[in-house]
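In: Predicted coordinates and the sequence they were generated for:
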Amino acid sequence: MRLILLQNISRRYQMGAETVHALRDVSLEIQRGEYVAIMGPSGSGKSTLMNLIGCLDTPSAGHYGLNGVSISDMDDNQLAEIRNREIGFVFQTFNLLARSNALHNVELPLIYAGIPAEERRHLALEALAQVGLTDRIHHKPNELSGGQRQRVAVARALVNKPSLLLADEPTGNLDSRTGAEIMALFDDLSRKGNTIIVVTHEEDIAKHARRIIRLRDGLIASDEQKVEGQESSVEGKTSPALDPRLSTLDRP
Amino acid sequence: MKFVAEINESLGISWNALRANKMRSVLATLGIVIGIVTVTLMGAAINGLNQAFIRNVSALGADVFYVSRFKWFNNTYEDWVSMRKRPKITLAESDALARQLTLADAVAPTADNEDSVKYKNRSASSVDVVGTTEAYLQTSGVDVAQGRFLTAADARGGQPTCVIGNDVATNLFRADPPLGERIKIEDQSFLVVGVLEKQGTMFGYSLDNRVVIPLRQYIGLVERNPGIDIQVKVGDLAHLDEAREELRQVMRRIRHLRPNQPDNFSINQQDEIVKWFHNQTATIAVIGLFVTSLALFVGGIGIMNIMFVSVVERTREIGVRKAIGAKRRNILLQFLIESAGVCLMGGLIGLGIAWVISLAVSKWLFPATLSVTIVTLSLLVSLLTGVISGFLPAWRAARMDPVEALRSE
Ligand SMILES: Nc1ncnc2c1ncn2[C@@H]1O[C@H](COP(=O)(O)OP(=O)(O)O)[C@@H](O)[C@H]1O
Ligand SMILES: [Mg+2]
């Protein structure tokens, strides 16, 4: 079942007289339940793509459909509502509210969703249990380790039961062991049926996903589906010819 | 439900923000504090003065005319010079008025002067000695607490009697019962026949530090040739204007004034004091409101400034909140509540300071009371200042682009 449909999406930034083409005519489809890594060198448009998919930003041209709903021409408030309901964000820098404890940080999306206090607490505790932080709910971010903070952030992203989990360099600020733990958590969430998109520039991290999309200069350079049964041996690139679902979309 | 949770969240945020920036918040509220202190103190002063005034002025009676040589209010220097040339009012004129007036209930000639009063070996200086007649009981509105007031026989000049005010009773007699005792004024002894009910103060002067004696004894003893004020009580408030006109015409006839001659006496009334008083309080109010609005304006600018700083500092937080679903109005509300909260805090500090000052003022200067209205009004004004001055910063925060906000350091 299709979750994301990007058709001829462009995103341009005006820098004085110069126009920066962060994304050029990108088309992409992602199904419900997929586990996708977006890779590419710095400045290739990964974050721009994430922001568009996450409804934080709207394209300069093209059409975006999420869950069958057209996003491209929604206004600010409608986008906020979509983000609240459909999307869970995990950031490189965690982005927790420093003065609030873990529980309150996780409750936050539910507050904006207008969920009553009791149910809110219940759902937040459930999400914190899912990331294994039941014993840390009253800790403030500065009383938690980096890995624990990112777990709180994941719990916050999950608490609204969104259609899509978006993570932009989620392990970028963690040591490799803690990073691996977070990725194990994502793997687990993926097995439970969550749709996950992870932006990363580390092959080790991307390896966890079952589909790797590579960007270069605002274009999709390659889009590889990991072949079932080959998981352990796949290292880097799969030849495009091996995957019938591969689509390197270059449109005229 | 949803709104309550939102407000709750905003309150929590602003509380945290305030706590994290205690010093800055307190400094930012300084203007608000000054504004609220001014407006509350002004209100308290006007309030207190009004209450005291109404209490005081009611002692004068709305239905009493005071015929005297001088006009009480609105006098220029020239007025004073010309009024000094008027003849003094005499006891004979008062008696003539009493006989001829038809619309008056009581006519009491009065004269008063400060003198010392002795009882046994004790002495009280600067007591207000009032010379009058039995009619004073009606015209002045005093009440007798013990014994009786002067009688017509006393006033005509029987044996020297007196009625003493509450302060005199406590200061001179202390624990002794004063009735039947004798006090001395200028070596003349007076039998105490009554003690007046406590009256309080009028514009800072005690109305209880006085001794009332028959006017016939007063003349010659306290003053040789006193100027007399005549108190004329009108029975019917509805006919106040007619009564005043009758009084004026009768007085002119007694003084043989020709039609082209101006009055050479003045008829004063409580409402002149009321008017004069309202002028004074209006002046206080105008000055107070000016200072208040100035302070609130400056305070509001300060709050706006600090809210802009707060918005910039929390750009990242705004981005996060937007990313997880906060709408513009959520962010707007958050900062408006924070701004209103800071101002409310300023208002509360201001009220606290004003409360202490008003206690001190009531103790040493004049009565000042904080009413519920003033407190509510000040808090509303602080809230409003917060909302107004917080609006631009909050609006800027609400309109931030989430991507930009998240990228900020
Ligand atoms: N707000 C912006 N204004 C101008 N240029 C931008 C902005 N955001 C991104 N860009 C440009 O768009 C391109 C893609 O950026 P980004 O998506 O952040 O890349 P990545 O995340 O892959 O490093 C870069 O050249 C970047 O400089
Ligand atoms: Mg990036």
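Out: Looks like it came in fine. Ligands and ions are numbered 1, 2, ... in the order given.
In: How about residue B:327, nearest residue that isn't a chain neighbour?
Out: residue A:80 (4.4 Å; Cβ to Cβ, 6 or more residues apart in numbering or on different chains). C-beta coordinates here come from the backbone N, C-alpha and C atoms, glycine included.
In: Could you say which helix or strand holds the one you found?
Out: helix A:76-86 (DSSP states H and E).
In: which other residues reach that helix?
Out: For helix A:76-86, the surrounding residues in contact (Cβ atoms under 8 Å, 6 or more residues apart in numbering or on different chains) are A:54-56, A:58, A:66-67, A:69, A:71, A:74, A:89, A:109, A:112-113, A:160, A:162-164, B:322-329.
In: now stretch A:115-122
Out: A:103, A:107, A:110-111, A:123, B:1, B:5.
In: Next, report how far it is displaced from the centre of its chain.
Out: Relative to its parent chain, stretch A:115-122 has a centroid offset of 25 Å by Cα atoms, centre = their mean, to the nearest Å.
In: Filter the contacts of helix A:76-86 down to the buried ones.
Out: A:54-56, A:58, A:66-67, A:71, A:74, A:89, A:109, A:112-113, A:160, A:162-164, B:322-328 (16 or more other Cβ atoms under 10 Å in any protein chain shown).
In: re earlier: would you mind putting the CA coordinates of whichever helix or strand comes after the helix holding residue A:80 into PDB?
Out: Per DSSP H and E, the first helix or strand lying C-terminal to helix A:76-86 is strand A:87-90. Presented in PDB, the C-alpha positions along strand A:87-90 are these (Å, rounded to 0.1, in the frame of the first residue of the first chain):
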ATOM      1  CA  ILE A  87       4.700  12.000  11.300                       C
ATOM      2  CA  GLY A  88       7.200  11.300  14.000                       C
ATOM      3  CA  PHE A  89      10.600  13.100  13.800                       C
ATOM      4  CA  VAL A  90      13.900  12.100  15.300                       C
END
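In: Strand A:87-90 close to chain B?
Out: Yes - using Cβ under 8 Å from any Cβ of the partner chain, strand A:87-90 reaches chain B at residue A:89.
In: need the contact list for whatever residue of the stretch 201-350 of chain B ends up closest to ligand 1.
Out: For the stretch 201-350 of chain B, the residue closest to ligand 1 is residue B:319, as judged by Cβ to the nearest ligand atom, at 12.7 Å. By Cβ under 8 Å, 6+ apart, the contact list for residue B:319 reads A:95, B:400, B:402-408.
In: Next, whichever residue of the stretch 101-250 of chain A sits closest to chain B: phi, psi?
Out: When scored by Cβ to the nearest Cβ, the stretch 101-250 of chain A has residue A:114 as its residue closest to chain B, at 3.5 Å. Note on residue A:114: backbone dihedrals following degrees, to the nearest 10 are phi 80, psi 30.
In: Could you give the number of residues near it?
Out: 14 (other Cβ atoms under 10 Å in any protein chain shown).
In: any idea how far it is from residue B:4?
Out: 10 Å (Cβ to Cβ, to the nearest Å).
In: how about residue A:165, what does it touch?
Out: A:87-88, A:90, A:157-158, A:186, A:189, A:194-197.
In: Could you rerun that using 10 Å?
Out: A:35, A:87-90, A:154, A:157-158, A:186, A:189-190, A:194-198 (Cβ atoms under 10 Å, 6 or more residues apart in numbering or on different chains).
In: mind checking pLDDT for the residue of chain A found nearest chain B?
Out: Nearest residue of chain A to chain B, counting by Cβ to the nearest Cβ: residue A:84, 2.4 Å away. The model reports residue A:84 with a pLDDT of 95.
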